[in-house]
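Enquirer: One predicted model, sequence on top.
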Amino acid sequence: MLESELICTSSIMSSQSVSATHFSELKSKIEQRQAKVAIIGMGYVGLPLALLYCERDFAVTGFDIDQRKVSTLNSGGSYIFRITAQEIQQAKDQGFSATADYAQLEQMDAIIICVPTPLNEYHEPDLSYITGTAESIAPHLQPGQLVVLESTTYPGTTEEVLIPILEKGNKLGLKANRGAETNVKSFFVAFSPEREDPGNQTVARRDIPKVIGGLDPQASELASALYGAIFNRTVRVSSPAAAEMTKLLENIYRCVNIALVNELKLLSLRMGLDIWEVIEAASTKPFGFHPFYPGPGLGGHCIPVDPFYLSWKAKEWDFRTRFIELAGEINTNMPYHVVDSVARALNQQKKAINGSKVLVLGVAYKKDIDDLRESPALTIIELLQKDGAQVSYNDPYFPTVGRGRKYDLQMKCAPLENLSQYDCVLIVTDHSDYDYERIVRESKLVVDTRNATRGISSPKIVHC
Ligand SMILES: NC(=O)c1ccc[n+]([C@@H]2O[C@H](COP(=O)([O-])OP(=O)(O)OC[C@H]3O[C@@H](n4cnc5c(N)ncnc54)[C@H](O)[C@@H]3O)[C@@H](O)[C@H]2O)c1
């Protein structure tokens, strides 16, 4: 054998053994709960995840560019309604802290990214939070670290966007570990989508199986070990892209089915049928039917947004995702339908929207949660105001509604008193705290977008 061949062979062997050493070191640290876990993005997804790891005795550091969140967490406070200050304090007692200083990543073993993935003004994926995070991580990346992306996104993001930034920006010449092509200096990468259902009290977070797509089998194994420490079941798929697509399939399934019942609701209203009664009856079928419910329009960070990540990506393949587009059209139209219904209901009382006093009940995008993002209530309020209505709102989760990415309402929560002063009370979000019997009794007119007044019989109620 030539000398150069010998050198080459020995360097491959050493590279494989270095990668294998990193793998087994990290695996054993995770199994012994000694791995230091960094979670980037202390929002609705990242903070609860951090708390789960703390509960299982991992040392967790939360990273966020929002200094107010960092300070609140470090002083033992919470800014998410369903997470108590006591839970944050308990996590702090376990060693949890928050920081905006990315240099601290150098001490970490696993880095989980939970940053936003919204749409831009042209309804296209806005990956700036992912790219910004990757650019901040890269200079601090260490050999043998595991990086997992959790943010919902189109298939290909991990490999086409995240990894190139991490590989280009790190100072040590690290490459993502790709199975057979093991490099002396490498890091592990996986994608694992978040599947939380905010406000759901029936399924514990750790009972939701965690889907994992590693870039190579070692990354899959490490990510499975990491998530297996806090979730009861992990499900491995063949690649990051398969895991990215899995999350989109789940959300597109919801989006399309909600559009279907929204469309059937519009038809039912015309035909004088009660769609809620029909859905309840259909739900008694023990197989082949899963109920979805109509509403005033889609809300939240996921269902109105995620499907369009796929329709955007599909164009690269000369493919039109018609189901997604049609569902988007129907769901986007629902707030307009609600406002038309308010106009018709007022018209029955010989009143115009212009000048009428309307109280919107519930602005959160779904019941019993403190999340306003993409809430249809915001669009409905703006449309009513445009038509000249004097709009007030009440929501136990929001004392004020200020400025968001797409709205600037500057409103204060109105007390639930003297309901007869309003020409119309419009139920947009069916929070459990509301006493619907009292609301109907004391109001002149109630327009109900959620069937919240089911079981109450009154000519004042208009379903829409
Ligand atoms: N909220 C949900 O119920 C839910 C469910 C499933 C999936 N997801 C997905 O999870 C991801 C995160 O969603 P979320 O609801 O937690 O968002 P969020 O807005 O509540 O939190 C994101 C956090 O990331 C921080 N951040 C942004 N850029 C950063 C950076 N460069 N470095 C550090 N921190 C940064 C923000 O300040 C914010 O605190 C999104 O992709 C979303 O689609 C959310």
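Expert: Now that the structure is in, tell me what you want to look at. Nothing here was measured: the structure is a model prediction, and the numbers come from that model.

Enquirer: so after the lengthiest helix in the chain, what's the next helix or strand?
Expert: Counting residues, the longest helix found in the chain (DSSP state H) is helix 240-271. Counting by DSSP states H and E, the next helix or strand C-terminal to helix 240-271 is helix 275-282.

Enquirer: For the very next helix or strand once past that next one, name the packing helices and strands.
Expert: On the C-terminal side of helix 275-282, the nearest following helix or strand under DSSP H and E is helix 306-315. Counting contacts by 3 or more CB pairs under 8 Å, 6 or more residues apart in numbering; DSSP states H and E, helix 306-315 is packed against helix 240-271, helix 322-348. All C-beta spots, glycine's among them, are computed from the backbone N, C-alpha and C.

Enquirer: For those helices, could you give me a markdown table that also reports distance to the ligand and mean pLDDT?
Expert: Shown next, in a markdown table, are the helices and strands packed on helix 306-315 (distance: least, CB to the nearest ligand atom, whole Å; pLDDT from 0 to 100):
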| stretch | distance to the ligand | mean pLDDT |
| --- | --- | --- |
| helix 240-271 | 7 | 97 |
| helix 322-348 | 16 | 97 |
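
Enquirer: how about low-confidence regions in this structure?
Expert: 1-18, 180-184 (pLDDT under 70).

Enquirer: quick one: contacts for residue 60?
Expert: For residue 60, the contact set (CB atoms under 8 Å, 6 or more residues apart in numbering) comprises 36, 37, 38, 39, 50, 53, 54, 91, 94, 95, 96.

Enquirer: Export the helices and strands packed on helix 306-315 to a markdown table and append columns for mean neighbour count.
Expert: Formatted as a markdown table, the helices and strands packed on helix 306-315 follow (neighbours: other CB atoms under 10 Å):
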| stretch | mean neighbour count |
| --- | --- |
| helix 240-271 | 19 |
| helix 322-348 | 18 |
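
Enquirer: With distance to residue 284 as added columns, please give these in JSON lines.
Expert: Formatted as JSON lines, the helices and strands packed on helix 306-315 follow (distance: least, CB to CB, whole Å):
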{"stretch": "helix 240-271", "distance to residue 284": "16"}
{"stretch": "helix 322-348", "distance to residue 284": "26"}
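
Enquirer: got the residues of the stretch 301-450 of the chain near the ligand?
Expert: 301, 302 (CB under 6 Å from any ligand atom).

Enquirer: follow-up on the earlier one: just the ones in helices from the contacts of residue 60, please.
Expert: 50, 53, 54, 91.

Enquirer: Would you write a PyMOL line that selects the buried entries of those?
Expert: Selecting only the buried entries of those in PyMOL, with 16 or more other CB atoms under 10 Å as the criterion:
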select buried, resi 50+53+54+91
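
Enquirer: Quick check: the farthest pair among the ones in helices among the contacts of residue 60?
Expert: Distance extremes for those: the farthest pair is 53 and 91 at 8.9 Å, using CB to CB.

Enquirer: re the thing from before, between the ones in helices among the contacts of residue 60, which sits nearest the ligand?
Expert: residue 50 (11.2 Å; CB to the nearest ligand atom).

Enquirer: Touching, the closest one and residue 62? I think so.
Expert: Yes: using CB atoms under 8 Å as the test, residue 50 is close enough to residue 62 to be in contact (5.0 Å).

Enquirer: can you list residues touching both of the two?
Expert: 39, 42, 96.

Enquirer: residues in contact with the first one?
Expert: This means residue 39. Neighbours of residue 39 in contact, by CB under 8 Å, 6+ apart: 46, 49, 50, 53, 60, 61, 62, 63, 112, 114.

Enquirer: cool, residue 163 as well?
Expert: So residue 163 contacts 176, 189, 215 (CB under 8 Å, 6+ apart).

Enquirer: Backbone dihedrals for residue 403, please?
Expert: Torsion angles at residue 403 (phi, psi; degrees, to the nearest 10) stand at phi -110, psi 130.

Enquirer: sec struct for the nearest residue to it once chain neighbours are set aside, please.
Expert: Leaving aside its chain neighbours, residue 403 sits nearest to residue 410 (7.3 Å; criterion: CB to CB, 6 or more residues apart in numbering). Under the three-state scheme (DSSP: H, G, I helix; E, B strand; the rest coil), residue 410 adopts strand.

Enquirer: circling back: among the contacts of residue 163, which are located in strands?
Expert: 176, 189 (DSSP state E).

Enquirer: Return the nearest residue of this structure with respect to the ligand.
Expert: Counting by CB to the nearest ligand atom, the chain gets nearest the ligand through residue 43, at 1.7 Å.

Enquirer: can you tell me which residues contact that residue?
Expert: Per CB under 8 Å, 6+ apart, neighbours of residue 43: 64, 114, 115, 116.

Enquirer: about what we covered before: count of residues packed around the residue nearest to residue 403?
Expert: A count of nearby residues for residue 410, using other CB atoms under 10 Å, gives 9.

Enquirer: swap in residue 196?
Expert: 14.

Enquirer: How about the contacts made by it?
Expert: Taking CB under 8 Å, 6+ apart as the test, what residue 196 contacts is 44, 45, 48, 205, 208.

Enquirer: mind redoing it with 6 Å?
Expert: Contacts for residue 196 (CB atoms under 6 Å, 6 or more residues apart in numbering) come out as none.

Enquirer: Quick check: phi and psi on it?
Expert: When read as degrees, to the nearest 10, the backbone of residue 196 gives phi -60, psi 150.

Enquirer: Run a quick neighbour tally on the closest residue to residue 106 other than its chain neighbours.
Expert: Nearest residue to residue 106, sequence neighbours excluded (CB to CB, 6+ apart): residue 140, at 4.9 Å. Neighbour count of residue 140, defined by other CB under 10 Å: 20.

Enquirer: Make 47 the starting number, not 1.
Expert: From this message on, residue numbering opens at 47, which makes the last subject residue 186.
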